[in-house]
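**Student:** missing the sequence, but the structure's below:
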């Protein structure tokens with residue numbers, strides 16, 4: 001009996017399947033779809049539990065869905081965000097200044113700056129900041145160690161546009177103490193494996209008596225920085241200023257003793273002197289440029305002899321990165337016969 005009871009429990013339950021009446025092909029009426037009411041009249045098989053307790057409950061509730069978490073803020077590189085904040089402060093300062101429409105006016109009317117400023121690319125030398133100059137005051141160009149060369153198309157194009165199109169009144173070459181390009185020029189250049197014609201100092205074909213006549217680009221070093229500062233190294237090797245002469249002699253003694261040359265410190269007299277001599281050499285190069293010579297040649301003779309000559313003046317200044325002071329080297333050149341205007345900047349006797 002026990003075995004029979006177990007077999008009865010293990011017997012599969014057969015659930016009857018109820019279907020709608022099948023459509024007979026002999027009928028002329030088309031089949032009808034079962035309505036919802038008809039489906040509800042179909043008896044539920046006994047094997048299916050249709051009680052409310054057996055029906056699945058919904059997981060949704062009437063409570064509102066929680067708010068989504070706010071999107072994370074993007075991470076800006078701090079150095080770029082600092083520029084963004086600075087731009088905001090600049091715009092706020094313009095809006096609160098005595099000339100709040102200066103940017104709009106310049107955009108509509110164009111620029112007529114009275115100055116072309118050639119300075120160094122050094123990040124510590126910000127020309128607009130140094131002079132607290134409003135937009136539209138300075139037409140600027142910069143490079144390593146504030147150099148002008150006739151063979152440099154960029155320098156020549158900037159000068160030509162400033163003088164011929166913008167009609168600037170002054171061209172300023174402004175060097176600065178602590179210039180890295182000038183400091184590098186006091187050190188021996190690294191070997192140049194591509195050089196086969198230049199001498200050991202790279203200046204055998206140069207006219208050492210005239211810094212403005214240096215043709216160092218004709219024997220360019222393979223390293224672009226060394227090639228660019230070669231004219232400054234030429235000034236260092238040929239200058240007769242006592243501070244620079246003494247520095248060269250010290251370098252020779254150190255080299256003979258096998259000592260490695262070190263970059264000069266900020267206030268080294270020879271270093272400061274070389275910064276000044278480099279400014280003077282570039283003033284001379286601009287004066288001798290084709291752009292300026294053509295400009296002076298085009299001036300009427302009467303104007304050329306007038307003390308109120310409106311032609312371009314070329315100035316040499318130097319900026320002290322420690323004090324923020326700008327000084328005049330006293331090497332200003334103007335149109336032939338024109339009186340050099342006085343300068344309010346401190347005059348350096350060099």
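**Tutor:** It's in. Computed from a predicted model, the values in this text were never measured in an experiment. Numbering: from 1, shown residues only.
**Student:** helix or strand right after the lowest-mean-pLDDT helix or strand in the chain?
**Tutor:** Within the chain, no helix or strand scores below helix 36-40, which has a mean of 48 by mean pLDDT, DSSP states H and E. Sequence-wise, the next helix or strand downstream of helix 36-40 (DSSP states H and E) is helix 78-96.
**Student:** test my guess that residue 270 contacts residue 249.
**Tutor:** No - checked against Cβ atoms under 8 Å, the pair residue 270 and residue 249 is beyond contact range at 10.3 Å. Bear in mind the C-beta positions are built from the backbone N, C-alpha and C, glycine included.
**Student:** more crowded one of the two?
**Tutor:** When neighbours are counted by other Cβ atoms under 10 Å, residue 270 comes out ahead of the other of residue 270 and residue 249, with 21 against 10.
**Student:** can you give me the buried ones in the helix or strand hosting that one?
**Tutor:** Secondary structure assignment for residue 270, by DSSP H and E: helix 269-287. Buried residues in helix 269-287, defined by neighbour count with 16 or more other Cβ atoms under 10 Å: 270-287.
**Student:** repeat for stretch 247-262
**Tutor:** 247, 251.
**Student:** swap in stretch 222-237?
**Tutor:** Buried residues in stretch 222-237, counted by 16+ other Cβ under 10 Å: 226, 227, 228, 229, 230, 231, 232, 233, 234, 235, 236, 237.
**Student:** how is the protein carved up into domains?
**Tutor:** 79-109, 111-328 (automatic domain parsing).
**Student:** so which of the ones you listed gets nearest residue 343?
**Tutor:** domain 111-328 (4.5 Å; Cβ to Cβ).
**Student:** in this protein, which spans are strands?
**Tutor:** 115-120, 138-143, 170-176, 313-319, 326-328 (DSSP state E).
**Student:** quick one: which of the ones you listed is nearest residue 193?
**Tutor:** That would be strand 138-143 among the strands of the chain, by Cβ to Cβ, at 25.9 Å.
**Student:** pull up the pairing partners for that closest one, direction included.
**Tutor:** On the basis of DSSP bridges, the sheet neighbours of strand 138-143 come out as strand 115-120 (parallel).
**Student:** how many degrees apart are the strand it pairs with and strand 170-176 in direction?
**Tutor:** 20 degrees (axes from the mean of the first three to the mean of the last three Cα atoms, to 10 degrees).
**Student:** mean confidence score for strand 115-120?
**Tutor:** Across strand 115-120, the average pLDDT comes to 98.
**Student:** repeat for stretch 91-109
**Tutor:** Stretch 91-109 comes out at a mean pLDDT of 96.
**Student:** please state the offset of that stretch from the chain centre?
**Tutor:** Once both centres are worked out by Cα atoms, centre = their mean, to the nearest Å, stretch 91-109 turns out to sit 24 Å from its chain's centre.
**Student:** re the thing from before, and the helix holding residue 270 with strand 170-176, angle?
**Tutor:** 160 degrees.
**Student:** how many neighbours does residue 298 have?
**Tutor:** 11.
**Student:** per-residue pLDDT of it, please?
**Tutor:** pLDDT at residue 298 comes out at 93.
**Student:** and the pLDDT for residue 43?
**Tutor:** At residue 43, pLDDT is 53.
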